[in-house]
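> Pasting a predicted model and its sequence here:
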Amino acid sequence: MYWIIKKTITFLSVYYAYMMEYRAEIFFWILSGSLPIILMGVWIEAATQNELRLSPVEFARYFFCIFQIRQFTNVWVVWDFEKEVLEGRLSFKLLHPLDPGWHHVARHIAEKIARLPSVIFFTILFFLLYPQAFWIPDFFHFLLSFVVIIAAFFLNFLIQYTFAMFTFWTERASAIQQFWNLAYVFLSGMTAPLDIFPDGVREIVMWTPIAYTAYFPAALLMALPVNIINGLLIMMGWCIIFFVVNRWLWRQGTKQYSGMGG
């Protein structure tokens, strides 16, 4: 157990040092994900002019939560993996005893850690500019949302890493991810809380994995009315499904990759 922990810390330290070389770029990556903050102004105005299920202050808190959650759940593994396969760099990693997927996991976790100072800065800035939105979540919902955010990252990673497996058969697996992003933008809760969706649409979306990559952890953090047990079970179920499909595609894909001379 000690050996595993030591190796994990060393592995993360290497990738953290690598990510710190790009800390200026990480700052701009955070800014590039500011769409929820822009939409926050739109929905605050809409809530001011009309009676919606959330108040203007709740909209501000919601989109702030979405902005923060996206900092810790965004992934880009499909583009990295696609590049490795097309350039033949995956061949060298296949010679190592460690599954290549763990390199991508470590790189993503190290990047999240490198983001922390900027995330804290934007948190302070947000509440200075919009002090009426300041609130402190109760301990139960804060702890639960923390765990769910971690789970949301791994769900998002599994989804995108599964799409990346199609690189073994096509050179543009990232196109699948881009198509998925269209659904993500509209159904994840990033552009609008699922609370304002028609009830029938909301119930359908809550059975898909998309809702659990953004809306569900944000709702928990704000203590919005959601079915916690049902949500956790659905989230766990999708993680298992994508993990099983991912491993099957990996086994089939590496056979194809070897057959191509990789």
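Looks like it arrived, so ask away.
> Give the next helix or strand downstream of the host helix or strand of Pro36.
Applying DSSP states H and E as the criterion places Pro36 in helix 35-49. Using DSSP H and E, the helix or strand that follows helix 35-49 in sequence is helix 56-73.
> got a list of contacts for that following helix?
30, 33-34, 36-37, 39-40, 43-44, 47-48, 52, 54, 112, 115, 119, 122-123, 126, 130, 132-133, 135, 149-150, 152-153, 156, 189-190, 193, 213-215, 217-218, 221-222 (C-beta atoms under 8 Å, 6 or more residues apart in numbering). Where you see a C-beta, it was placed from the backbone N, CA and C, and this is true even at glycine.
> Are any of those residues buried, and if so which?
For these, a burial check counting by 16 or more other C-beta atoms under 10 Å picks out 30, 36-37, 39-40, 43-44, 47, 52, 54, 112, 115, 122, 126, 133, 149, 152-153, 156, 189-190, 193, 213-215, 217-218, 221-222.
> Distance from the chain centre to the helix holding Pro36, please.
23 Å (C-alpha atoms, centre = their mean, to the nearest Å).
> Hey, what's the angle from it to helix 56-73? Just curious.
Taking axes from the mean of the first three to the mean of the last three C-alpha atoms, to 10 degrees, one finds helix 35-49 and helix 56-73 inclined to each other by 170 degrees.
> just checking, what packs against helix 35-49?
helix 56-73 (3 or more C-beta pairs under 8 Å, 6 or more residues apart in numbering; DSSP states H and E).
> how about the helix it packs on: buried residues?
For helix 56-73, a neighbour-count test (16+ other C-beta under 10 Å) marks 56, 58-73 as buried.
> Repeat that for stretch 200-211.
By neighbour count on 16+ other C-beta under 10 Å, the buried set for stretch 200-211 is 202, 205-206, 209-211.
> what residues are up against the closest residue to Ile69 other than its chain neighbours?
In this structure, Ile69 finds its nearest non-sequential neighbour in Pro217, 5.3 Å apart by C-beta to C-beta, 6 or more residues apart in numbering. If you count contacts by C-beta under 8 Å, 6+ apart, Pro217 has them with 65, 69, 73, 145, 148-149, 152.
> and which of those is nearest Gln160?
Of all these, Thr73 has the smallest distance to Gln160: 10.8 Å, by C-beta to C-beta.
> Could you point out which residue ranges in the stretch 1-150 of the chain have low pLDDT?
Counting by pLDDT under 70, the stretch 1-150 of the chain contains low-confidence ranges at 1-4, 6-8, 10-33.
> re the thing from before, got the buried residues of stretch 200-211 as JSON lines, with pLDDT and secondary structure columns?
JSON lines is the format used below for these (pLDDT from 0 to 100; DSSP: H, G, I helix; E, B strand; the rest coil):
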{"residue": "Arg202", "pLDDT": "91", "secondary structure": "helix"}
{"residue": "Val205", "pLDDT": "94", "secondary structure": "helix"}
{"residue": "Met206", "pLDDT": "94", "secondary structure": "coil"}
{"residue": "Pro209", "pLDDT": "96", "secondary structure": "coil"}
{"residue": "Ile210", "pLDDT": "94", "secondary structure": "helix"}
{"residue": "Ala211", "pLDDT": "94", "secondary structure": "helix"}
